[in-house]
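Asks: Generate a structure from the sequence data that follows.
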Amino acid sequence: MNESENQDLNADVDNAGDTVSTEQVEPAVSGVLARPGDVLPSIITLLPVTNRPYFPGQAMPLILASDTWLETLKHAHENGNNIIGIIFSDAESPEISTAEDCRSIGTVCRIHQVNEQESVLHVVLIGIERFVIREWISKQRPLTARVDYLPDEKDIDTTEIKAYTTAIINVIKELLPLNPLYGEELKQSLAHFGPNEPARLADFGASLTTASAPEVQEVLETLPLYPRLEQALQLLQKELEIARAQMEIRQHVEGEMQDRQREVFLREQLKFIHKELGISKDDRTAEVDTFRDRMEDLEIPEHALDRMNEELEKLSVLERGSPEYTVTRNYLDWLTVLPWGKFSEDQLDLKRASKILDEDHEGLDDIKDRIKEFLGVGIMKGTVSGTILLLVGPPGVGKTSLGQSVARALGRKFFRFSLGGMRDEAEIKGHRRTYIGAMPGKFLQALKDAGTANPVIMLDEIDKVGASFHGDPASALLEVLDPEQNGNFLDHYLDVRFDLSNVLFICTANSLDTIPAPLRDRMETLRLAGYLASEKVAIARKHLFPRQLERAGLKRRGDVRIDAAALKRLVEEYAREAGVRRLDMLLAQIVRKAVMKILDGEKRPIHIKAADLESYVDQPIFTREKPITGIGRVTGLAWTSMGGATLSIEARRVHEFGRRFHLTGQLGDVMKESAQIAYSYILSSAREFDVDAEFFKNSEIHLHVPAGATPKDGPSAGITMACALLSLASNRSPRKRIAMTGELTLTGQVLPVGGIREKVVAARRAGINRLILPEANRGDFESLPKYISTNISAYFVSEFCEVVPHVFP
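Replies: As a prediction, this is how the structure comes out:
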């Protein structure tokens with residue numbers, strides 16, 4: 001709206017007059033001669049509002065967007081003699097209101113004033129009379145409709161009417177002191193309405209309330225006077241109750257604040273009086289006494305006691321506002337909160353420990369036996385300490401829960417923190433007190449939280465400790481994890497030696513490769529190879545599935561049932577990893593979907609069978625492995641941080657146009673060297689194995705290790721690659737269900753490899769019952785638990801020539 005248009009519109013509005021007599025709206029009704037500006041047209045422009053309806057007799061300020069409503073105001077000015085209808089809309093905003101959103105009854109108003117500021121229209125309207133829409137003329141902006149007017153009832157003077165109007169006036173007067181928002185405007189408005197104008201008084205009373213827009217619209221649409229007065233009085237009564245409640249809350253809050261201020265003032269006075277009389281202590285003396293009281297309950301070594309006394313003397317002479325006071329106070333707080341001489345009594349009962357380990361873990365018999373031996377030695381000497389245990393295995397095999405079981409078996413407090421990603425040695429040995437915000441290291445924090453000097457502390461993910469310019473945390477751990485040194489552990493913050501020799505440290509790792517050798521030498525390693533399929537089924541049935549039912553709020557275990565066949569299929573086709581973490585996630589998904597079925601009204605119990613798994617956990621991830629057969633195809637065994645795995649190796653003759661040896665499968669440098677050694681050895685020993693040397697003369701040999709997206713490295717596939725090349729060159733298929741591992745030298749020697757346990761478990765999982773292993777690994781195989789090595793035929797070889805009869809019978 002430009003400036004000239006705004007001035008013209010304002011001039012026309014002023015000429016139309018500031019007020020309108022509502023008794024001269026239509027000459028046909030009143031029977032008196034009316035001015036042209038007083039006649040209300042039968043077709044008017046409509047302006048929808050969504051905040052609150054408006055009533056006749058009110059001055060209504062509106063703020064409108066100029067670009068949206070300018071045309072509507074122009075249309076009302078040009079075609080309706082500054083008359084516009086205000087209609088309530090159920091839409092979210094006036095800008096999106098349509099004719100269908102508008103109510104049928106509204107208030108016709110005269111445009112009193114229009115001002116524009118920064119693309120915003122400030123409009124003042126004066127309500128005249130109710131109207132009802134009879135016919136829509138235009139449902140597009142500007143909205144126009146043919147209307148009939150609804151004048152208020154006149155000359156009604158009864159006792160009931162007077163009673164209602166008097167009640168409304170009294171309620172409004174009660175609202176004045178309770179709600180300061182009404183102010184002088186409310187008082188002035190009351191002077192214009194009295195018992196002789198009950199209709200206007202009802203409208204005015206309803207407009208004063210904070211009732212919802214539909215409730216106010218209901219009053220506007222009520223034409224008979226009695227119901228309208230009753231509705232207005234009800235809304236005012238609700239408003240009065242709300243105002244009284246707000247006043248009570250405000251008085252309560254103000255009273256509490258005054259009481260609190262009075263209490264603070266009196267306490268300060270009392271403190272000053274006590275100090276003058278010498279019968280109370282100041283804050284500094286009280287803190288010193290608190291620290292001394294703590295020290296009386298502890299068995300503190302002499303060197304630490306001397307340091308505490310020195311710091312207490314310093315604290316007693318420092319000013320409370322000085323920075324040194326805060327540093328000294330925090331230091332004494334840490335010194336006196338540590339559990340000096342506090343020990344929990346060990347439960348030295350081997351049968352109880354065995355029962356707890358068996359309850360908490362399925363399988364892992366060799367690990368549990370080693371832990372029992374460790375506990376047995378502690379029982380014999382009367383205390384469990386001195387050895388640092390390192391549990392190594394793939395994720396999800398129960399390393400952390402084993403530590404918790406050990407703590408429960410001993411009756412000790414358990415504290416766990418992760419070393420993964422730790423790069424600052426101050427996390428281990430603390431910050432020096434010269435730094436702002438200095439704190440002790442994690443170990444002293446653990447002792448503070450545990451409250452005893454002999455807890456079980458689990459150091460999780462010790463193989464993932466990092467290093468940076470802040471220091472090397474792995475080197476800082478050397479003192480902590482050395483039984484010969486941790487009796488005098490020195491934290492940089494504490495600067496007083498603390499005995500950690502009574503703490504039982506249990507560490508966990510997925511791999512030994514990234515643990516520094518000096519640190520690894522200080523710990524006794526226990527390997528967790530992973531679970532067999534039968535063990536995972538038992539774990540799911542006894543531990544995982546009942547736990548998921550409990551988490552889902554299913555108090556009766558019979559509400560959801562799963563078959564043993566379904567658990568077996570879930571393990572074999574969905575969760576083949578060494579641990580049970582993914583299996584636990586899948587069971588949680590199954591339980592969630594079963595819960596949804598119960599909530600949808602399906603009859604209990606929900607019975608899950610093997611054939612139903614696709615509807616709960618989608619399609620299988622793994623298919624049943626078929627034995628690798630055929631010329632040039634041999635199965636090997638590999639070790640990964642996730643456990644053991646079978647490794648297929650394929651060799652193919654591509655063409656005879658020139659000699660070449662081609663490798664694929666994202667192989668590491670060590671594995672590439674193993675392939676070159678296997679190729680050179682087979683080529684040089686062709687006559688020994690009845691192979692035509694001319695086969696390799698002009699042939700391009702392609703050796704591939706499937707799953708090309710997975711990086712592979714290590715020397716243990718040497719004899720497997722040699723067997724694949726020998727099968728290709730001799731045109732013979734290897735024996736079915738046989739796998740092998742071993743490093744091959746250029747002279748045909750078979751060297752030992754690691755991860756025998758994990759590899760044997762992987763072979764059992766794949767249904768392979770014949771293994772070829774290096775002779776030097778015989779002891780590793782024979783030390784395996786019977787449940788792993790049973791029904792496995794192992795052939796031990798020291799030279800490659802011993803491999804050939806087993807692979808090509």
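Asks: CA only for contacts and neighbour counts going forward, please
Replies: Fine.
Asks: now the closest residue to Leu587 other than its chain neighbours: how far from Ala588?
Replies: In space, Leu587 comes closest to Phe545 once its chain neighbours are excluded; the distance is 6.4 Å by Cα to Cα, 6 or more residues apart in numbering. Distance, Phe545 to Ala588, using Cα to Cα, to the nearest Å: 8 Å.
Asks: quick one: which of those two has more around it?
Replies: Phe545 (24 against 19; other Cα atoms under 10 Å).
Asks: any idea which helix or strand comes after whichever strand or helix holds the residue nearest to Leu587?
Replies: In this assignment (DSSP states H and E), Phe545 forms part of helix 545-551. For helix 545-551, the following helix or strand on the C-terminal side (DSSP H and E) is strand 560-562.
Asks: How far does stretch 416-424 stretch from one end to the other?
Replies: End-to-end distance of stretch 416-424 (Cα to Cα): 18 Å.
Asks: buried ones in that stretch?
Replies: Going by neighbour count (16 or more other Cα atoms under 10 Å), the buried part of stretch 416-424 is Arg416, Leu419, Met422, Arg423, Asp424.
Asks: Repeat that for stretch 145-160.
Replies: Ala145, Arg146, Val147, Asp148, Tyr149, Asp152.
Asks: can you check stretch 321-328 too?
Replies: Within stretch 321-328, the residues scored as buried using 16+ other Cα under 10 Å are Tyr325, Val327, Thr328.
Asks: go on, stretch 213-226?
Replies: Ala213, Glu215, Val216, Gln217, Val219, Leu220, Glu221, Leu223, Leu225.
Asks: What of stretch 349-368?
Replies: Leu350, Ala353, Ser354, Leu357, His361, Glu362, Gly363, Leu364, Asp366, Lys368.
Asks: What of stretch 604-616?
Replies: In stretch 604-616, counting by 16+ other Cα under 10 Å, buried: Ile606, Ile608, Leu613, Tyr616.
Asks: one step back: the buried residues of stretch 349-368 in helices, which ones?
Replies: Judged by DSSP state H, these include Leu350, Ala353, Ser354, Leu357, Asp366, Lys368 as members of helices.
Asks: which one of these sits closest to Glu313?
Replies: Of all those, Glu313 sits closest to Ala353, with 48.2 Å by Cα to Cα.
Asks: Quick check: closest non-adjacent residue to the closest one.
Replies: Counting by Cα to Cα, 6+ apart, the residue nearest Ala353 is Ala409, at 4.7 Å.
Asks: May I ask which helix or strand encompasses the nearest residue to Ala610 once chain neighbours are set aside?
Replies: Spatial nearest neighbour of Ala610, excluding adjacent residues (Cα to Cα, 6+ apart): Ala566 at 3.8 Å. Under the criterion of DSSP H and E, Ala566 resides in helix 564-574.
Asks: for that helix, the distance to its chain's centre please.
Replies: With Cα atoms, centre = their mean, to the nearest Å as the basis, helix 564-574 stands 29 Å off its chain's centre.
Asks: what kind of secondary structure is the residue nearest to Ala353 in?
Replies: Under DSSP: H, G, I helix; E, B strand; the rest coil, Ala409 falls in the helix class.
Asks: And for Ile133?
Replies: strand.
Asks: number of nearby residues for it?
Replies: Taking other Cα under 10 Å as the criterion, the count of residues near Ile133 is 19.
Asks: which one is it nearest to, not counting chain neighbours?
Replies: Val147 (4.5 Å).
Asks: Surely the one you found forms part of a helix?
Replies: No. Counting by three-state DSSP, Val147 is not part of a helix but strand.
Asks: I'd assumed Glu135 was in contact with it.
Replies: Yes. At 7.0 Å, Val147 and Glu135 qualify as touching, with contact defined as Cα atoms under 8 Å.
Asks: Output the lowest mean pLDDT helix or strand found in the protein.
Replies: helix 27-30 (a mean of 36; mean pLDDT, DSSP states H and E).
Asks: The following helix or strand past that helix pairs with which strands, parallel or anti?
Replies: Later in the chain than helix 27-30, the nearest helix or strand by DSSP H and E is strand 43-49. Strand pairing for strand 43-49, using DSSP bridges, gives strand 83-88 (parallel), strand 143-150 (antiparallel).
Asks: Near the residue nearest to Leu528 when sequence neighbours are not counted, how many other residues are there?
Replies: Spatially, and ignoring its direct neighbours in sequence, Leu528 is nearest to Gly393 (4.7 Å; Cα to Cα, 6+ apart). By other Cα under 10 Å, 26 other residues sit near Gly393.
Asks: now Asn115
Replies: Neighbours of Asn115 (other Cα under 10 Å): 15.
Asks: does Leu494 really touch Pro440, like I thought?
Replies: Yes. Between Leu494 and Pro440 there is a contact under Cα under 8 Å: 6.5 Å.
Asks: Please identify which helix or strand holds Phe265.
Replies: Using DSSP H and E, Phe265 falls in helix 225-277.
Asks: can you map out the helices along the stretch 351-500 of the chain?
Replies: Taking DSSP state H, counting those that start in this stretch as the criterion, the stretch 351-500 of the chain carries its helices at 365-381, 399-410, 426-429, 442-450, 473-480.
Asks: Among those helices, which comes closest to Ser66?
Replies: The nearest among the helices of the stretch 351-500 of the chain, by Cα to Cα, is helix 426-429 at 62.9 Å.
Asks: From the contact counts, what lies against the closest one?
Replies: Helix 426-429 sits against helix 442-450, helix 473-480, with contacts defined as 3 or more Cα pairs under 8 Å, 6 or more residues apart in numbering; DSSP states H and E.
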